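Colleague: whatever this is, show me its structure:
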Amino acid sequence: VPVAAAPHGAEERGQQDGAGRRRVVFLDVDGVLNRLGSKAESVEGELVDLFCAIVRSTGALIVLSSSWRVHKKLVDKLAQTFFLAGVSDRMESTSISEWDVAEGKRDYSESVVDERCREIRTWLTDNPSRVETWIAIDDLPLSTADPFFAGHHIWTDAREGLTTAHVTQACSVLG
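Modeller: Model prediction:
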């Protein structure tokens, strides 16, 4: 039976340091687990495999920062995908605000980037004792918009999605 995504703040399993902190991956889906021009609301197996290699290698907690987190159907689909890959017990999401459900959110305007940065920073602020180190994998220019993301942002190209070079970079940053 697939495990649904854990709610924000839920207890998780996986690798933790002696203080109970762990590695965290903030995950965008579109442009990371699928490529520009892919079938709508889908993920690509090859890209999911690359992502799961990061999670398996580092024991990281997945925190969904994608607009997918607003839609139960898409969260369930992703939870099923991660369940089948053996990493389903490690997923939460950033909080959902009224802004998230507003029309036109997915226009890649500056406000979308700023809001994504704010959501991730809020999660980190709300959970400092749970985080050893973290990265954000996203096709949005997070590290350009907010210097706080420098050294933590794995910036994908939406035409390519996640690559082996990104996996190497992610594992290196997460340790």
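
Colleague: what's the longest strand in this protein?
Modeller: Ranked by residue count and defined by DSSP state E, the top strand of the chain is strand 131-138.

Colleague: residues in contact with that strand?
Modeller: With contacts defined as CB atoms under 8 Å, 6 or more residues apart in numbering, strand 131-138 is touched by 16-17, 21-28, 31-32, 51, 65, 116, 120, 124, 142, 149, 152-156, 162, 166, 170, 173-175. (Each C-beta comes from the backbone N, C-alpha and C, glycine too.)

Colleague: list the buried residues of it.
Modeller: Buried positions in strand 131-138, judged by neighbour count with 16 or more other CB atoms under 10 Å: 132, 134-138.

Colleague: ok, stretch 162-170 next?
Modeller: 162, 166-167, 169-170.

Colleague: any idea which of the residues you listed is closest to residue 56?
Modeller: The nearest member of the buried residues of stretch 162-170 to residue 56, counting by CB to CB, is residue 167 at 10.8 Å.

Colleague: phi first, then psi, for that closest one.
Modeller: The phi and psi values for residue 167, taken as degrees, to the nearest 10, are phi -60, psi -50.

Colleague: that one is in contact with residue 53, isn't it?
Modeller: Yes. The criterion here is CB atoms under 8 Å, and residue 167 meets it with residue 53 at 5.7 Å.

Colleague: ok, back up a step: same question for the longest strand of the chain, mean pLDDT?
Modeller: Across strand 131-138, the average pLDDT comes to 97.

Colleague: just the pLDDT for the closest residue to residue 36 other than its chain neighbours.
Modeller: Excluding its sequence neighbours, the residue lying closest to residue 36 (CB to CB, 6 or more residues apart in numbering) is residue 158, at 4.3 Å. Here the pLDDT value assigned to residue 158 is 97.

Colleague: so what's residue 158 up against?
Modeller: Going by CB under 8 Å, 6+ apart, residue 158 touches 30-31, 35-36, 139.

Colleague: quick one, helices of the protein?
Modeller: Per DSSP state H, the chain carries helices over the ranges 45-58, 72-85, 110-126, 142-145, 164-174.

Colleague: out of these, nearest to residue 93?
Modeller: Nearest to residue 93, of all the helices of the chain, is helix 72-85, at 7.3 Å by CB to CB.

Colleague: return the closest one as CSV; C-alpha atoms alone will do.
Modeller: C-alpha atoms of helix 72-85 as CSV (Å, rounded to 0.1, in the frame of the first residue of the first chain):
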residue,chain,number,x,y,z
LYS,A,72,-3.6,16.3,-3.9
LYS,A,73,-3.8,14.2,-7.1
LEU,A,74,-0.2,15.2,-8.0
VAL,A,75,1.1,14.7,-4.5
ASP,A,76,-0.4,11.3,-4.4
LYS,A,77,1.1,10.5,-7.8
LEU,A,78,4.5,11.6,-6.6
ALA,A,79,4.1,9.7,-3.3
GLN,A,80,3.2,6.5,-5.4
THR,A,81,6.3,7.1,-7.6
PHE,A,82,8.6,7.5,-4.5
PHE,A,83,6.9,4.5,-2.8
LEU,A,84,7.7,2.3,-5.8
ALA,A,85,11.3,3.6,-5.7
